[in-house]
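1. this one's structure only:
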């Protein structure tokens, strides 16, 4: 697994509430949900290659 770097994020309160609700619905932490959202956006935009996910032991958005 790759090393995670701390990162401060300023986010609108209502947006954060929506992320927290979505995360709870999917049994993720808010941080995990934000990471998942960013990863999905990067994949959709073609900015992340498939080998990055395989190196981290992930397939189809889940850990192997």
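-> Right, received. Where do you want to start? Just so you know, these numbers come straight off a predicted model, no measurement behind them.

2. what helices or strands is the longest helix seen in the chain leaning on?
-> Identified as the longest helix of the chain according to DSSP state H is helix 30-44. The contact analysis (3 or more C-beta pairs under 8 Å, 6 or more residues apart in numbering; DSSP states H and E) places helix 30-44 against helix 13-25. Every C-beta, even on glycine, is put in place using the N, C-alpha and C of the backbone.

3. How about residues contacting the helix it packs on?
-> 11, 29, 30, 32, 33, 34, 37 (C-beta atoms under 8 Å, 6 or more residues apart in numbering).

4. relative orientation of it and helix 30-44 in degrees?
-> 90 degrees (axes from the mean of the first three to the mean of the last three C-alpha atoms, to 10 degrees).

5. List the buried residues in helix 13-25.
-> Neighbour counts over helix 13-25 (16 or more other C-beta atoms under 10 Å) mark 19, 23 as buried.

6. same question, stretch 21-38
-> For stretch 21-38, by 16+ other C-beta under 10 Å, it's 23, 30, 33, 34.

7. same thing with stretch 37-46?
-> Neighbour count says stretch 37-46 has residue 39 buried, by 16+ other C-beta under 10 Å.

8. Now do that stretch, average pLDDT.
-> Stretch 37-46 carries an average pLDDT of 95.

9. Please convert the contacts of helix 13-25 to JSON lines, extending it with distance to residue 43.
-> Listed next are the contacts of helix 13-25 as JSON lines, based on distance: C-beta to C-beta, whole Å:
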{"residue": "11", "distance to residue 43": "22"}
{"residue": "29", "distance to residue 43": "20"}
{"residue": "30", "distance to residue 43": "21"}
{"residue": "32", "distance to residue 43": "16"}
{"residue": "33", "distance to residue 43": "16"}
{"residue": "34", "distance to residue 43": "15"}
{"residue": "37", "distance to residue 43": "11"}
